[in-house]
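1. Okay, sequence plus prediction incoming.
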Amino acid sequence: MAKILITGTSGLLGNKITLEAKRRHIVYPTHATHPSSSRSLKMDITNENEVKQVFYKIKPEVVIHTAAETNVDKCSKDKKHAFAVNSEGTKNLAKVCNQIDARIVYISTDYVFDGEKGLYKEEDNTNPLNFYGFTKLMGEKHILEICKRYLILRTSVLYGFYHEKPNFAMWVITALKDKKPFHVVEDHYNSPTLASNLAEVTLEMVDKELDGLYHAAGSERISRYSFALRIAETFEFNTDLIKPVKMHELKAWVAKRPKDSSLCVNKVKKQIDTTLLHVSQGLKKMKMKLANLK
Ligand SMILES: NC(=O)c1ccc[n+]([C@@H]2O[C@H](COP(=O)([O-])OP(=O)(O)OC[C@H]3O[C@@H](n4cnc5c(N)ncnc54)[C@H](OP(=O)(O)O)[C@@H]3O)[C@@H](O)[C@H]2O)c1
């Protein structure tokens, strides 16, 4: 049983990681603006003093850092804010982890790649296309330069049952329920990852004390359009409502997206017992969760 401090616990992944970690560890959830529970400690990661105060009070053995500015377009529109949270906030955590000898787990992204190749391996060259990807890569660099013990997990398109904040799958389900046709890009590929599956993987890796850089994502490369169709099929909605569109036709996107940022997960698979789910397996799990709540 370890003392684990978690950032971003009001977010999708932070919520699932908190639930998983609580099964066998002493968990300290933290937040910037939205406490996930009455036990959550206020800790804006951009405020170095606040970070130090919380760390010296708790003295965690492990820190799982999921907090980030994840809105890709907002990162391009407000670069100062994105840099402060994703790069400098991560640097603040890295420094204090080193001071108190805590291991850090940093959740990074497939958007560190430019998307020209797809099925990226850990050793492939990074080349972010947008400011979000750049700031997350800066976060990785700080961890590599500062921390003695670290685990970096790059993941892709998180989805899952979570009402507090919309994610792609929840957004598609809501749109299908409304029975209004909508467009989804067909030339944009990634590796959709059920957040609770990644939470299990993360905790298994924490327990096994694994260090280093890994790609940890769903084990299927798929286009957003096909992903949306699978969601409709699994949840028994009319697939005709989903219309394909090309990335260049989408006017709403401010930031450029990589065409194919899917991740190769062979390295992590050799180290873990947890199965990295295919899309249909992940969606079935999500459906069961929803059914159990009714
Ligand atoms: N979503 C994806 O598809 C995706 C794909 C690849 C990688 N990732 C990475 O996975 C991680 C989790 O993503 P997610 O989608 O679960 O996140 P999310 O739902 O967008 O939640 C983000 C969290 O970050 C916290 N946060 C933001 N600014 C903060 C600050 N200054 N100080 C402390 N906390 C702050 C928020 O806390 P408050 O609510 O308290 O402000 C919130 O809990 C992120 O690191 C992201 O980069 C996500």
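-> That came through fine.
2. was I right about N197 contacting T274?
-> Yes. Under the criterion of CB atoms under 8 Å, N197 makes contact with T274 at 7.3 Å. Just so you know, the C-beta spots here come from the backbone N, C-alpha and C atoms, and that holds for glycine as well.
3. between these two, which one's more packed in?
-> Neighbours were tallied for N197 and for T274 using other CB atoms under 10 Å; the higher tally belongs to N197 (24 against 17).
4. What distance do you get for the more buried one to H278?
-> Going from N197 to H278 by CB to CB, to the nearest Å gives 10 Å.
5. Find the residues that touch each one of these two.
-> Counting by CB atoms under 8 Å, 6 or more residues apart in numbering, the contacts common to N197 and H278 are G218.
6. List the contacts of Y214.
-> Y214 is in contact with 122, 151-154, 205, 267-268, 271, counting by CB under 8 Å, 6+ apart.
7. That one pairs with what?
-> Here Y214 sits in beta bridges with L153, as judged by DSSP bridges.
8. Look up how far F182 lies from it.
-> Counting by CB to CB, the gap from Y214 to F182 is 34 Å.
9. Secondary structure element for the closest residue to W253 other than its chain neighbours, which one?
-> In space, and not counting its chain neighbours, W253 is closest to D73: 6.6 Å by CB to CB, 6 or more residues apart in numbering. In this assignment (DSSP states H and E), D73 forms part of helix 72-77.
10. ok now whatever helix or strand comes next after that helix, how far from the chain's centre?
-> The helix or strand immediately downstream of helix 72-77 is helix 79-82, counting by DSSP H and E. Chain-centre distance of helix 79-82: 19 Å, with CA atoms, centre = their mean, to the nearest Å.
11. so does the strand or helix carrying L283 get close to the ligand?
-> Taking DSSP H and E as the definition, L283 sits inside helix 279-293. No. Applying CB under 6 Å from any ligand atom, one finds helix 279-293 separated from the ligand by no less than 13.1 Å.
12. quick revisit: so what secondary structure elements neighbour the helix holding D73?
-> For helix 72-77, the helices and strands in contact under the criterion 3 or more CB pairs under 8 Å, 6 or more residues apart in numbering; DSSP states H and E are helix 79-82, helix 131-146.
13. Need those in TSV (columns: mean pLDDT).
-> Shown next, in TSV, are the helices and strands packed on helix 72-77 (pLDDT from 0 to 100):
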stretch	mean pLDDT
helix 79-82	98
helix 131-146	98
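14. who wins for proximity to the ligand among those?
-> helix 131-146 (5.6 Å; CB to the nearest ligand atom).
15. Could you list the residues in contact with the closest one?
-> So helix 131-146 is contacted by 68-72, 75-76, 79, 82-83, 85-87, 89-91, 94-95, 97-98, 104, 106, 108-109, 111-113, 126, 128, 150, 152, 213, 255, 258 (CB under 8 Å, 6+ apart).
16. Make a PyMOL selection of the buried ones in those.
-> Here is the PyMOL command that selects the buried residues among the contacts of helix 131-146 (16 or more other CB atoms under 10 Å):
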select buried, resi 68+69+70+72+75+76+82+83+85+86+87+89+90+91+94+95+97+104+106+108+109+111+112+113+126+128+150+152+213+255+258
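17. So which of the contacts of helix 131-146 are in strands?
-> Members of the contacts of helix 131-146 lying in strands (criterion: DSSP state E): 104, 106, 108-109, 150, 152, 213.
18. The ligand contacts on this structure?
-> 7-8, 10-14, 31-34, 44-46, 66-70, 85, 89, 107, 109-110, 136, 155-158, 165.
19. closest point of the chain to the ligand, which residue?
-> Counting by CB to the nearest ligand atom, the chain gets nearest to the ligand through G11 (2.2 Å).
20. Thank you kindly, that will do.
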